[in-house]
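1. no letters, just coordinates:
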């Protein structure tokens, strides 16, 4: 990009390639995510708080150790198949935006906007805010060993972490992916510690939890469905890599490889970690524990048991980082397509990162961080994500008929996305049955998004004064974002804008 006379290079440019200085440019997201980065991103997001904090949902409903292991594997295979379906879509439509892009191509603007809105309001900021709270809780837990930590430091530390991770993602994608690699290594060390200790106890003959392992199993459809829902949550996050396909080096090769390698490793780690837990703790002790990994550490690690809460916090941090990295690209693409304010589609030409999109995520996450009932919102998130999956798998099936000649480097049997779509529909129905209040509130928020779409996107004949005012605000923001510090001071002192 050339320099403008008398000023520095533009700091932000539109993702569409146009600036308000009437200068044409082609600034796009750079391909700088390699295979090992992609594997670290998926594992860093999927292996979050679930396996460390509350891996008891499946055990609670199956009522037996043996059947719970079977459900862990089945849930993992379901999510692996879902990830493979996303790999077909990602290599057939190699554009950032993930599920939003696929639904838009299949069904058009309104369904795509619903996907965008659900992720914008329910999935992304609520998840980041809750994980920030969880990070703070486990970081300061050793300071309050015998009581619950106070709310103020938890909210402060959680908010500080959110700002720090957003800053890293704003500065450099490579920094964000390198942070993800470091965090993934840390959480694998935590899991490795748990597994090694568990295997040591098994070697000592501590196998009481595995005797009569299928006794009292609950094989009812309701128990299996609820167990499946718990496993579905524990494995979630595998879809985030599709949000940044534009930045993956050789996506046709690296996207499916990253998904296959990472999800297989996650299934193995989850299964072996559960075996390790049960080598030390009885099923009853696991069910009574609010954080299994901490209880496990208290029982086995003696004076260094304080290490486990810190490792859990690092694990949660990785999930937050991957979420911010992936969803910022989704909102950027939505704005680029005219379904969000155009300022969100702007990219910093030096760092090649969608800074406005990241800042919106930060603001929404900080707002949710102030909530005293954040976990109520997290339950709504499950409804939102399952709804998105229904639409994505339906889009995959429909695209086979709508665009039969679309190049598909990976082409799966059509029965697979049909099956996954039906399973996801069952999960949505189950959510309404099990969590009606959260589900209907989430449904109301989706309906509100439809109204906003009709007003903001479809209503073309808006009042002239409203359109002009929005254009002025956009121009001001864009111009201010391009100024150097001295130029900004000059504009402010002379009241130019």
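-> Yep, it's here. Because the structure is a prediction, the values reported are computed rather than measured.
2. which residues of the stretch 101-250 of the chain fall in helices?
-> With DSSP state H, counting those that start in this stretch, the ranges of helices along the stretch 101-250 of the chain come out as 109-118, 124-140, 151-171, 173-203, 221-234.
3. ok, which of these comes nearest residue 410?
-> When these are compared by Cβ to Cβ, helix 109-118 sits nearest residue 410, at 21.7 Å. C-beta: built from backbone N, CA, C; applies to glycine.
4. please report phi then psi for residue 337.
-> Dihedral pair for residue 337: phi -90, psi 10, per degrees, to the nearest 10.
5. gap between it and residue 116?
-> Distance, residue 337 to residue 116, using Cβ to Cβ, to the nearest Å: 9 Å.
6. so for the two, which sits in the more crowded spot?
-> With neighbours defined as other Cβ atoms under 10 Å, residue 337 and residue 116 compare such that residue 116 has more, 27 against 20.
7. got a list of what the more buried one touches?
-> 100, 330, 331, 334, 339, 340 (Cβ atoms under 8 Å, 6 or more residues apart in numbering).
8. identify the residue nearest the third one in space, chain neighbours excluded?
-> The reference is to residue 331. Once flanking residues are discounted, residue 331 sits nearest to residue 357: 4.5 Å by Cβ to Cβ, 6 or more residues apart in numbering.
9. wait, isn't residue 270 in contact with residue 51?
-> Yes. Between residue 270 and residue 51 there is a contact at 5.8 Å, judged by Cβ atoms under 8 Å.
10. any common contacting residues for these two?
-> With Cβ under 8 Å, 6+ apart, residue 270 and residue 51 have common neighbours residue 234.
11. wait, what's in contact with the residue nearest the centre of the chain?
-> With distances taken as Cα atoms, centre = their mean, the residue of the chain nearest its centroid is residue 323 (3.7 Å). Shown in contact with residue 323 (Cβ under 8 Å, 6+ apart): 45, 124, 127, 128, 131, 237, 240.
12. count of residues packed around residue 153?
-> Using other Cβ under 10 Å, residue 153 has 15 other residues around it.
13. again but with residue 409, I slipped
-> Residue 409, neighbours per other Cβ under 10 Å, totals 15.
14. could you look up the SS state of it?
-> With DSSP: H, G, I helix; E, B strand; the rest coil as the basis, residue 409 sits in coil.
15. gap between it and residue 94?
-> 9 Å.
16. what is in contact with the two at once?
-> In contact with both residue 409 and residue 94: residue 252, using Cβ under 8 Å, 6+ apart.
17. got the buried residues for the host helix or strand of residue 329?
-> Using DSSP states H and E, residue 329 sits in helix 307-336. For helix 307-336, burial by neighbour count (16 or more other Cβ atoms under 10 Å) applies to 308-309, 311-336.
18. cool, and stretch 277-292?
-> Going by 16+ other Cβ under 10 Å, stretch 277-292 has these buried residues: 277, 278, 279, 280, 281, 283, 285, 286, 289, 291, 292.
19. and the end-to-end length of that stretch?
-> End-to-end distance of stretch 277-292: 8 Å, with Cα to Cα, to the nearest Å as the criterion.
20. what's in contact with that stretch?
-> The contact list for stretch 277-292, computed with Cβ under 8 Å, 6+ apart, reads 52-56, 59-60, 65, 138, 194, 197-199, 201-202, 206-210, 295-296, 299-300, 312.
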